[in-house]
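> please find the sequence and the predicted model below.
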Amino acid sequence: MKNLLALLFTLAVSACATLEKPAPIPPPVAPPQAIPVVPPTPVAPPLQSVGWEALAGWQDEDLAAAWDAFKKSCVALQKQPAWQAPCVATTGVASSSNAALREFFEQYFIPYQATQPDGGSEGLITGYYEPLLNGSRTPSKRYRHPLYGLPDDLLIVDLSSVYPELKNLRLRGRLEGRRVVPYYNRAEIDNGVAPLKGKELYWVDDAVELFFLQIQGSGKIALPSGETLRIGYADQNGHPYKSIGKALVERGDLPLEKASMQGIKDWGKQNPGKLPELLNLNASYVFFRDMPNNLPGPLGALGVPLTAGRSIAVDPRHIPLGAPVFLATTWPNSAKPLNRLMLAQDTGGAIRGVVRADFFWGFGKDAGKLAGSMKQSGKMWVLLPKGYTPPQNGATSNGQGVNGNGG
């Protein structure tokens, strides 16, 4: 009997030891949290219509000084329906009367303020010019830096017929077997890797001046014979433009206030051993063509000669080429107002954005000093014919102008 009781007791204890406690009931699962929807930041329209009173200095502007430049735009635009009425009407306007010209523009045009995506109205205004370089048709100890014409192996791919949204984009490259690869960069061209022998138009005596000629996009060559020849932009190797002035500032070689064209030239003279590496930071390379000497100015992207002090380079994705643009900025290195009616007749590789322009100062050293030191803030109002629908994401032009890289 004792043995039976002991056995039952042992089994009972074992059962108690092996029985698991029931698992606790988990708390109810919380419903998934809804992810808050953040509305997209509104983007301001690039061109917003305003009244004429919004144009700072419009009533005081010498419109007669811009009239010839405007008529040059009409030569290129007069076949476009929206431009026919104002361009035809130019023949009946008293061009010497600012009052008559002001009435003409206010009758046929609507002003639109150029506006940044964040709604701001100010942007960067730089300058460019037409330089004079010493050169020769043949190389020598003095003239040893080649100025190239358009390479035979440069491919230019325009996809706008297939993809209209790419109408302002041209791809450049070369064939390697059956593949299209990027065209040679600046270092490869200067080091002779690119097969450009025989494409030399001229040989010049200064590598830095040649570099800045490519940034300006056009210029003149003074030959030993005394003859002066004009050259213009032909095309570019497809590599993006990079500012060497900005690079010098970022690595501490130049203070920001000296990162001008003249400041960079002075740095190059003091650091000749470092110069090739600096220039090669800008992989972009511009090719040239001979231009008629009898032109009144270099040809811009619009296909008409530029007018010193009245032509600007713009971003054609936002501002239609040929349009009058009222510019409110200041003179280089000054707070003196520079309010002027300009014509959007050119483009440039570094000219990107709505409120962005490159001011054409003309030919020679004096123009170069103004262009090289111009880095001002400014506002822009685009004048478009009544009935013209302003561009939202790009204009219709994809022309190439004299301003190779700009800015």
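Okay, I see it. Residues are numbered from 1 along each chain as shown.

> what about the most centrally placed residue in the chain, distance to Pro337?
What sits nearest the mean C-alpha location of the chain, by CA atoms, centre = their mean, is Ile351, with 1.9 Å. Noted for Ile351: a distance of 22 Å to Pro337, by CB to CB, to the nearest Å. Every residue, glycine included, has its C-beta placed from N, CA and C.

> likewise for Glu106?
Glu106 is 22 Å from Pro337, by CB to CB.

> cool, Ala85 as well?
32 Å.

> Gly303 too?
Distance from Gly303 to Pro337, by CB to CB: 32 Å.

> from what I see, Leu196 and Asp152 are in contact.
No. Contact criterion CB atoms under 8 Å: Leu196 and Asp152 do not qualify, at 9.1 Å.

> neighbour count for those two, which is higher?
Leu196 (18 against 10; other CB atoms under 10 Å).

> the protein - how does it break down into domains?
Taking automatic domain parsing as the reference, the chain has its domains at 47-129+298-385, 131-291.

> export those domains to CSV and tack on mean pLDDT?
Written out in CSV, the entries for these read as follows (pLDDT from 0 to 100):
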stretch, mean pLDDT
domain 47-129+298-385, 96
domain 131-291, 92
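
> want to throw those into CSV with distance to Gln392?
Formatted as CSV, those follow (distance: least, CB to CB, whole Å):
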stretch, distance to Gln392
domain 47-129+298-385, 9
domain 131-291, 12
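
> please identify the deepest-packed of the ones you listed.
The highest mean neighbour count among these, using mean count of other CB atoms under 10 Å, belongs to domain 47-129+298-385: a mean of 20.

> could you tell me the end-to-end distance of it?
Length of domain 47-129+298-385, first residue to last, CA to CA, to the nearest Å: 13 Å.

> stretch 85-104 too?
End-to-end distance (CA to CA), stretch 85-104: 11 Å.

> got a list of contacts for that stretch?
Here stretch 85-104 makes contact (CB atoms under 8 Å, 6 or more residues apart in numbering) with 58-59, 61-64, 67, 70-71, 74, 77-78, 108-109, 385.

> rerun at 7 Å
For stretch 85-104, the surrounding residues in contact (CB atoms under 7 Å, 6 or more residues apart in numbering) are 62-64, 67, 71, 74, 77-78, 108-109, 385.

> which ones among these lie within strands?
109, 385 (DSSP state E).

> out of the contacts of stretch 85-104, which two sit at the greatest distance?
By the measure CB to CB, the contacts of stretch 85-104 have their two most distant members at Asp62 and Gln78, which lie 24.4 Å apart.

> secondary structure class for Leu133?
strand (DSSP: H, G, I helix; E, B strand; the rest coil).

> whatever helix or strand Trp203 lives in packs against which elements?
Using DSSP states H and E, Trp203 maps to strand 200-204. Here strand 200-204 touches strand 132-136, strand 145-148, going by 3 or more CB pairs under 7 Å, 6 or more residues apart in numbering; DSSP states H and E.

> only alpha carbons, please: show the longest one as CSV.
The reference is to strand 132-136. What follows is strand 132-136, C-alpha atoms only, in CSV (Å, rounded to 0.1, in the frame of the first residue of the first chain):
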residue,chain,number,x,y,z
LEU,A,132,42.2,88.6,-80.0
LEU,A,133,44.9,85.9,-80.1
ASN,A,134,48.3,85.8,-81.8
GLY,A,135,48.5,82.9,-84.2
SER,A,136,49.9,81.4,-87.4
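
> what are the contacting residues of it?
Outside strand 132-136, the residues touching it (CB under 7 Å, 6+ apart) are 143, 147, 202-205, 209-210, 213, 219-224, 364.

> same check on the last one?
Where contact means CB under 7 Å, 6+ apart, the residues beyond strand 145-148 that reach it are 135, 196, 199-204, 206-207, 210, 287-288.

> let me have those residues in CSV, extended by distance to Lys375.
Output for the contacts of strand 145-148, formatted as CSV (distance: CB to CB, whole Å):
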residue, distance to Lys375
Gly135, 29
Leu196, 33
Lys199, 34
Glu200, 34
Leu201, 31
Tyr202, 30
Trp203, 32
Val204, 27
Asp206, 24
Ala207, 24
Leu210, 23
Phe287, 27
Phe288, 26
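
> and of those residues, the nearest to Tyr163?
Phe287 (25.9 Å).

> just checking the distance from the strand or helix carrying that closest one to the centre of its chain.
Following DSSP H and E, one finds Phe287 within strand 286-291. Mean C-alpha position of strand 286-291 versus that of the full chain (CA atoms, centre = their mean, to the nearest Å) differs by 19 Å.

> what do you get for stretch 183-200?
That offset, for stretch 183-200, works out to 24 Å (CA atoms, centre = their mean).

> what strands line up against the strand holding Phe287, and which way round?
Sheet neighbours of strand 286-291, with direction, are listed as strand 228-236 (antiparallel) (DSSP bridges).

> so what's the gap between the partner strand and the chain middle?
Per CA atoms, centre = their mean, the centroid offset for strand 228-236 relative to its chain is 19 Å.

> that strand vs strand 132-136, what angle?
Angle of strand 228-236 versus strand 132-136, following axes from the mean of the first three to the mean of the last three CA atoms, to 10 degrees, is 90 degrees.

> how about the helix or strand following strand 228-236 as CSV, C-alpha atoms only?
The helix or strand immediately downstream of strand 228-236 is helix 244-250, counting by DSSP H and E. Listed next in CSV are the C-alpha coordinates belonging to helix 244-250 (Å, rounded to 0.1, in the frame of the first residue of the first chain):
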residue,chain,number,x,y,z
ILE,A,244,38.5,76.0,-63.1
GLY,A,245,38.1,79.2,-61.1
LYS,A,246,35.8,77.4,-58.7
ALA,A,247,38.3,74.5,-58.5
LEU,A,248,41.1,76.9,-57.5
VAL,A,249,38.9,78.4,-54.8
GLU,A,250,37.8,75.1,-53.4
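
> show me what the following helix or strand past helix 244-250 is packed up against.
Following helix 244-250 in sequence order, the next helix or strand is helix 261-270 (DSSP H and E). Helices and strands touching helix 261-270, by 3+ CB pairs under 7 Å, 6+ apart, are helix 207-216, helix 244-250.

> how near is the closest residue to Gly123 other than its chain neighbours to Ile110?
Closest residue to Gly123 apart from its sequence neighbours, by CB to CB, 6 or more residues apart in numbering: Val355 at 2.7 Å. Note on Val355: its distance to Ile110, by CB to CB, is 18 Å.
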